[in-house]
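Participant: I would like the atomic coordinates for the input below:
(one chain, ligands or ions: 1)
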Amino acid sequence: MTNQLQSVSVFGLGKLGSCIAATLAQRGFDVLGVDIDPEKVARINAGQPPVEEPRLAESIAAGRPRLRATVNPDEAVATQATFFIPPSPSLPDGSFSNEYLLKAMYPLAKALRAAGKKHHLFVVSSTTTPGAVQQVIIPMLEKETGWVCGRDFGVCYNPEFIALGNVIQGLLEPDLVLIGESDPESGERLEGLYRRYNSNQPRLARMSIPSAELTKISVNSYITMKISFTNQLRLIADQLPGADIRDILGAIGADTRIGSKYLRPGLSYGGPCFPRDNRLLAYAASQVGLEAPLAAAADRVNELTKQQLMERVRALAAPGDAVAVLGLAYKPDTYIVEESAGLYLAQHLKRLGHRVFVHDFAATPANSPALLEFEALPDLNALRRSSEIKVVAICCPWPQYRGLSLPAAVKLADPWGLAGGPRGETSEADRA
Ligand SMILES: NC(=O)c1ccc[n+]([C@@H]2O[C@H](COP(=O)([O-])OP(=O)(O)OC[C@H]3O[C@@H](n4cnc5c(N)ncnc54)[C@H](O)[C@@H]3O)[C@@H](O)[C@H]2O)c1
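Facilitator: Residues are numbered from 1 along each chain as shown. Here you go, the predicted structure:
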């Protein structure tokens with residue numbers, strides 16, 4: 001096999017894949033992007049980002065001479081390795097669907113066979129259900145190529161640990177590069193690529209593919225557990241006279257065995273990864289005849305946290321009052337509203353008969369159609385000018401909400417403690 005990878009393809013030019021393709025080209029690799037969506041392909045070829053993500057446009061510009069895209073998967077035969085990063089949506093039982101991965105990988109397997117080109121490296125980057133790569137994906141590749149994995153072609157499971165809004169830096173300067181390998185040579189080739197790709201020197205962890213599948217979801221499951229621990233403590237401290245959650249968390253985080261990350265008082269976790277990766281761990285446990293009570297508890301506390309937010313806001317609002325929900329994205333620097341505290345609140349208030357206004361610095365009804373059912377505030381001046389809005393809730397800690405000033409009659413729920421000042425609900429309990 002050719003050991004040094006130089007020419008790679010990336011299947012799936014979405015929120016993650018377009019950033020992988022662009023940064024690989026930026027770092028000197030020859031990259032072919034492949035997507036079934038001709039619009040994304042056209043945008044890449046025009047040097048424009050196919051998705052909204054900070055720094056992606058700059059990365060595409062930097063890699064442009066080495067970056068090209070196509071809708072034809074057969075063209076990837078000419079590359080040495082292919083990253084697959086299509087969706088892997090959750091199924092009702094908590095497992096992740098293999099359907100998109102299989103659909104993306106199948107035509108390339110067939111094309112490689114037709115071309116008689118062995119030693120291709122298939123890199124699965126989409127999150128998979130533990131066991132799926134060995135039990136479903138590799139058998140399909142062996143069947144379609146007629147070859148043997150580990151001898152005639154290689155497979156690596158290589159998920160990225162990124163946060164939307166910071167994907168470019170997350171890819172180029174990760175804490176960890178995780179490589180699950182079908183055979184040592186495949187792992188070696190991918191490790192070699194990362195040594196040239198990363199601009200820092202991350203921990204490179206190589207292991208079996210099932211170990212890597214379990215590692216990937218365990219990282220997110222651990223973080224959800226930590227966030228839920230924080231929220232559980234906050235719910236208790238809120239009810240304990242004289243207790244201040246900030247003091248408590250500040251002290252706990254000073255213990256280096258715990259650390260201060262994700263110990264900030266705030267709201268529930270959300271987005272496209274944390275909730276479903278944690279549920280996937282519970283599913284993985286069930287597949288081997290076990291329970292995962294910690295994962296289930298993190299999920300339950302997360303729901304309680306959303307319900308408590310709802311109760312706090314309802315306690316401030318009279319029946320039918322108009323409420324403004326500020327910050328619908330699940331975190332700052334992204335427009336994604338999936339499973340966000342703000343979306344939960346807005347939807348539930350509306351079902352209870354409140355008029356709901358929404359505001360966000362990135363999420364709009366155009367990029368997040370779930371917001372179409374609400375009245376959108378174009379900016380914070382519209383909020384200040386409104387005579388109808390009686391209650392405001394800040395659900396996503398966009399820094400631009402810091403120091404928000406509102407008319408004196410408007411009540412404020414500010415779980416992140418951004419607005420500050422002795423007004424509305426901005427009391428000890430509210431800073432939690
Ligand atoms: N978004 C995140 O924060 C994040 C973080 C870590 C892991 N992941 C994982 O990455 C994967 C992709 O996530 P995303 O957010 O980038 O998804 P996305 O929906 O933004 O993008 C997926 C892309 O794949 C394309 N696609 C679908 N079928 C294809 C095919 N047969 N051939 C080529 N392209 C095809 C789609 O057109 C789309 O452009 C998921 O498994 C997800 O769990 C996502």
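
Participant: Which helix or strand lies directly C-terminal to the helix or strand hosting Lys40?
Facilitator: In the assignment (DSSP states H and E), Lys40 maps to helix 38-45. Later in the chain than helix 38-45, the nearest helix or strand by DSSP H and E is helix 56-63.

Participant: who touches the very next helix or strand once past that following helix?
Facilitator: Moving toward the C-terminus from helix 56-63, the next helix or strand (DSSP H and E) is strand 67-70. With Cβ atoms under 8 Å, 6 or more residues apart in numbering as the test, strand 67-70 has contacts from 13, 21-22, 25, 31-35, 40-42, 44-45, 60. Quick note: C-beta positions are derived from backbone N, CA and C, even for glycine.

Participant: Name the nearest of those relative to Asn278.
Facilitator: Checking the contacts of strand 67-70 against Asn278 by Cβ to Cβ gives Leu13 as the nearest, at 27.3 Å.

Participant: Give the helix, strand or coil label for the closest one.
Facilitator: Here Leu13 is recorded as coil under DSSP: H, G, I helix; E, B strand; the rest coil.

Participant: How about the contacts made by it?
Facilitator: Ala21, Gly33, Val34, Asp35, Asp37, Lys40, Val41, Ile44, Pro50, Val51, Ala69.

Participant: and the residues you listed near the ligand, which?
Facilitator: Val34, Asp35, Asp37, Lys40 (Cβ under 6 Å from any ligand atom).

Participant: ok, the last one - how many residues close by?
Facilitator: Burial measure for Lys40: 23 neighbouring residues, criterion other Cβ atoms under 10 Å.

Participant: if I look at the residue in the chain positioned nearest to the ligand, how far off is Leu121?
Facilitator: Relative to the ligand, the nearest point of the chain is Gly14 (1.7 Å; Cβ to the nearest ligand atom). According to Cβ to Cβ, to the nearest Å, Gly14 stands 21 Å off from Leu121.

Participant: what do you get for Leu67?
Facilitator: Distance, Leu67 to Leu121, using Cβ to Cβ: 19 Å.

Participant: Arg66 contacts Arg27, doesn't it?
Facilitator: No. Here Arg66 does not reach Arg27: they are 9.4 Å apart, not a contact under Cβ atoms under 8 Å.

Participant: Show me the helices in this protein, by range?
Facilitator: 17-26, 38-45, 56-63, 99-115, 132, 138-145, 167-172, 184-197, 209-239, 245-253, 274-287, 293-316, 341-351, 380-385 (DSSP state H).

Participant: least reliable of those helices going by mean pLDDT?
Facilitator: Lowest mean pLDDT within these: helix 380-385, at a mean of 92.

Participant: Show the end-to-end separation of stretch 378-393, please.
Facilitator: Terminal residues of stretch 378-393 are spaced 16 Å apart (Cα to Cα, to the nearest Å).

Participant: what's the offset of that stretch from the middle of its chain?
Facilitator: Relative to the centre of its chain, stretch 378-393 is centred 30 Å away, using Cα atoms, centre = their mean, to the nearest Å.

Participant: for that stretch, which positions count as buried?
Facilitator: By 16 or more other Cβ atoms under 10 Å, the buried positions in stretch 378-393 come out as Leu380, Leu383, Ser386, Ile389, Lys390, Val391, Val392, Ala393.

Participant: before we move on, back to that, looking at the ones next to the ligand among the contacts of Leu13, state which has the most neighbours.
Facilitator: Val34 (29 neighbours).

Participant: Across the sheet, point out what pairs with that residue.
Facilitator: Phe11, Thr70 (DSSP bridges).

Participant: Contacts only, for it.
Facilitator: Contacts of Val34 by Cβ under 8 Å, 6+ apart are 9-13, 41, 69-73, 75-76.

Participant: Give the buried subset of those as a ChimeraX selection command.
Facilitator: Per 16+ other Cβ under 10 Å, the buried members of the contacts of Val34 correspond to this ChimeraX selection:
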select :9,10,11,12,13,41,69,70,73,75,76
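
Participant: Tell me, how many residues neighbour the residue lying closest to Arg151 once chain neighbours are set aside?
Facilitator: Leaving aside its chain neighbours, Arg151 sits nearest to Asp183 (7.9 Å; criterion: Cβ to Cβ, 6 or more residues apart in numbering). A total of 14 residues lie near Asp183 under the criterion other Cβ under 10 Å.

Participant: Likewise for Pro139?
Facilitator: By other Cβ under 10 Å, 12 other residues sit near Pro139.

Participant: pLDDT score for the closest residue to Gly150 other than its chain neighbours?
Facilitator: Closest residue in space to Gly150, ignoring its immediate chain neighbours: Asp183 at 3.8 Å, by Cβ to Cβ, 6+ apart. Asp183 carries a pLDDT score of 98 in this model.

Participant: Can you list phi and psi of Asp183 for me?
Facilitator: Dihedral pair for Asp183: phi -160, psi 150, per degrees, to the nearest 10.

Participant: Dump stretch 313-333 to PDB, restricted to CA.
Facilitator: Listed next in PDB are the C-alpha coordinates belonging to stretch 313-333 (Å, rounded to 0.1, in the frame of the first residue of the first chain):
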ATOM      1  CA  VAL A 313     -41.200  31.700  33.300                       C
ATOM      2  CA  ARG A 314     -44.800  30.800  33.800                       C
ATOM      3  CA  ALA A 315     -44.600  32.000  37.400                       C
ATOM      4  CA  LEU A 316     -43.500  35.400  36.000                       C
ATOM      5  CA  ALA A 317     -46.300  35.600  33.400                       C
ATOM      6  CA  ALA A 318     -50.000  36.100  33.800                       C
ATOM      7  CA  PRO A 319     -52.200  33.900  31.700                       C
ATOM      8  CA  GLY A 320     -52.000  34.900  28.100                       C
ATOM      9  CA  ASP A 321     -49.100  37.400  28.600                       C
ATOM     10  CA  ALA A 322     -46.800  37.800  25.600                       C
ATOM     11  CA  VAL A 323     -43.400  36.400  26.300                       C
ATOM     12  CA  ALA A 324     -40.100  36.900  24.400                       C
ATOM     13  CA  VAL A 325     -37.700  34.000  24.300                       C
ATOM     14  CA  LEU A 326     -34.200  35.200  23.600                       C
ATOM     15  CA  GLY A 327     -31.600  32.800  22.300                       C
ATOM     16  CA  LEU A 328     -33.100  29.800  20.400                       C
ATOM     17  CA  ALA A 329     -29.900  28.300  19.300                       C
ATOM     18  CA  TYR A 330     -28.700  25.400  21.500                       C
ATOM     19  CA  LYS A 331     -25.400  27.300  22.100                       C
ATOM     20  CA  PRO A 332     -23.900  30.600  20.900                       C
ATOM     21  CA  ASP A 333     -22.200  30.700  17.500                       C
END
